[in-house]
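**Q** quick one, fold the following:
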Amino acid sequence: MGRKRGSGVNRRASFSTLAVVFVIALAFIALNRLGILELPEEQEVSSVASQAIPASAEGKTQVFFLDVGQGDSELIRIPGESGYFNVLLDTGEYEYAEGLIQYLQELGIERIDLLIESHPHTDHMGCMARIVQRFEIGSIYMPLLPEEQTPTTKAYEKLLDAVMEKNLIVNELYAGAFLEGPEDASFEVLAPRKDEVWEDVNNYSAVIRFTYGEDTFLFPGDAESPSEKEILNAGYDVSADVLKCGHHGSRTSTSAKFLKAVNPSYAVISCGAENSYGHPHDGTLQKLEKLGVEILRTDEDGTVLIASGGHGLELWTGLNSVEAKY
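**A** Alright, predicted model coming up:
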């Protein structure tokens with residue numbers, strides 16, 4: 001399969017709804033209104049440079065690994081006769097809300113066809129409520145957690161509020177399911193297994209394999225080695241040209257056996273500069289380097305764009321980061 005860099009690369013520069021759990025969560029919200037911080041109304045934000053798409057990426061599927069600091073957010077744009085089909089996977093923390101909204105708007109996006117929450121940690125979905133409020137949403141997907149592990153954070157409550165206000169139906173993410181998308185694209189969910197119970201919420205992360213033509217991408221959220229092991233034991237095809245490393249390159253994810261099965265050409269690590277968690281960990285970097293995988297990091301490379309025409313990849317780094325508004 002052919003792979004190439006874009007010219008001028010700057011290396012530095014059928015789902016079930018979550019009815020029960022959401023009824024419980026919404027009931028909790030109704031009983032806890034006092035003291036809940038309201039999301040601010042639309043605010044003025046400083047202008048950022050226009051997000052120009054490289055000419056050779058136009059008309060191709062574009063996968064953005066957005067730099068949202070110590071968080072996670074990916075944007076997939078699939079071309080079609082009526083324009084791009086837009087998929088937003090996670091959003092980063094709340095302080096990136098207005099910056100992310102402006103970033104998407106500068107790309108000409110008015111509708112998110114698929115909005116996906118990999119799991120309910122705020123570094124992945126902290127500003128998702130604002131995205132629901134400000135954009136037309138086609139479908140929204142989340143993994144199902146047991147009642148006792150359902151989050152009660154303000155960010156999660158506000159997301160449920162926004163979903164309810166727009167009369168959206170939340171669809172469950174579970175292993176073996178496929179997300180609805182364009183005919184020439186496939187979104188297969190490899191984890192979590194339906195009705196599985198994990199002690200660590202990270203292992204409820206939706207692990208999604210995106211295929212466009214001959215090119216494949218794997219998005220594991222914060223799934224850790226126990227989830228990776230279960231995926232392999234289930235016999236799923238995890239091979240991918242591009243791996244978004246699980247849990248920001250933590251030592252708890254990207255196990256050697258899983259990495260060997262994925263066998264990526266590129267690994268993208270989403271993490272904040274000089275973060276307090278030590279992400280990415282040296283052990284993860286060493287495993288990637290040993291296999292000859294090219295490593296891309298949002299803390300060093302900014303936003304990364306990988307374009308696919310269905311039979312080969314082009315790569316750009318150094319695109320604008322999403323601005324945080326504290």
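**Q** just after the lowest-mean-pLDDT helix or strand in the chain, pick out the following helix or strand.
**A** Within the chain, no helix or strand scores below helix 19-31, which has a mean of 44 by mean pLDDT, DSSP states H and E. Next helix or strand after helix 19-31 toward the C-terminus (DSSP states H and E): strand 61-65.
**Q** helices or strands up against that next one?
**A** Applying 3 or more Cβ pairs under 8 Å, 6 or more residues apart in numbering; DSSP states H and E, we find strand 61-65 packed against strand 74-78, strand 303-308. All C-beta atoms are positioned from the backbone trio N, CA, C, and that covers glycine.
**Q** by how many degrees do the first one and strand 303-308 diverge?
**A** By that I understand strand 74-78. Strand 74-78 runs at 30 degrees relative to strand 303-308, counting by axes from the mean of the first three to the mean of the last three Cα atoms, to 10 degrees.
**Q** chain center to the helix or strand where Glu300 lies: distance?
**A** Using DSSP H and E, Glu300 sits within helix 298-301. Mean C-alpha position of helix 298-301 versus that of the full chain (Cα atoms, centre = their mean, to the nearest Å) differs by 16 Å.
**Q** so the residue nearest the centre of the chain bridges to which residues?
**A** Central residue of the chain (Cα atoms, centre = their mean): Leu89, 3.2 Å from the mean position. Counting by DSSP bridges, Leu89 is bridged to Glu74, Ile116.
**Q** so what pLDDT did it get?
**A** Looking at Leu89, its pLDDT stands at 98.
**Q** does it touch Ile76 like I think?
**A** Yes - counting by Cβ atoms under 8 Å, Leu89 touches Ile76, with 7.1 Å between them.
**Q** check which residues of stretch 125-141 are buried.
**A** Neighbour-count burial for stretch 125-141 flags 125-135, 137-141 (criterion: 16 or more other Cβ atoms under 10 Å).
**Q** quick one: closest of the helices and strands packed on strand 61-65 to Leu218.
**A** Checking these against Leu218 by Cβ to Cβ gives strand 74-78 as the closest, at 11.2 Å.
**Q** chain center to the closest one: distance?
**A** 9 Å.
**Q** ok, now stretch 142-150?
**A** On Cα atoms, centre = their mean, the centre of stretch 142-150 falls 19 Å from that of its chain.
**Q** for the stretch 201-326 of the chain, just list every one of the helices.
**A** 225-233, 256-262, 282-290, 298-301 (DSSP state H, counting those that start in this stretch).
**Q** out of those, which one sits most buried?
**A** Most buried of these by mean neighbour count (mean count of other Cβ atoms under 10 Å) is helix 298-301; its value is a mean of 21.
**Q** can you list contacts of it?
**A** For helix 298-301, the external contacting residues (Cβ atoms under 8 Å, 6 or more residues apart in numbering) are 11-13, 65-68, 268-275, 304, 317-318, 321.
**Q** if we go to 7 Å?
**A** The contact list for helix 298-301, computed with Cβ atoms under 7 Å, 6 or more residues apart in numbering, reads Arg11, Arg12, Phe65, Asp67, Ser270, Cys271, Gly272, Ala273, Val304, Thr317, Gly318.
**Q** from these, which is closest to Pro220?
**A** Set against Pro220, the nearest of these by Cβ to Cβ is Ser270 (11.5 Å).
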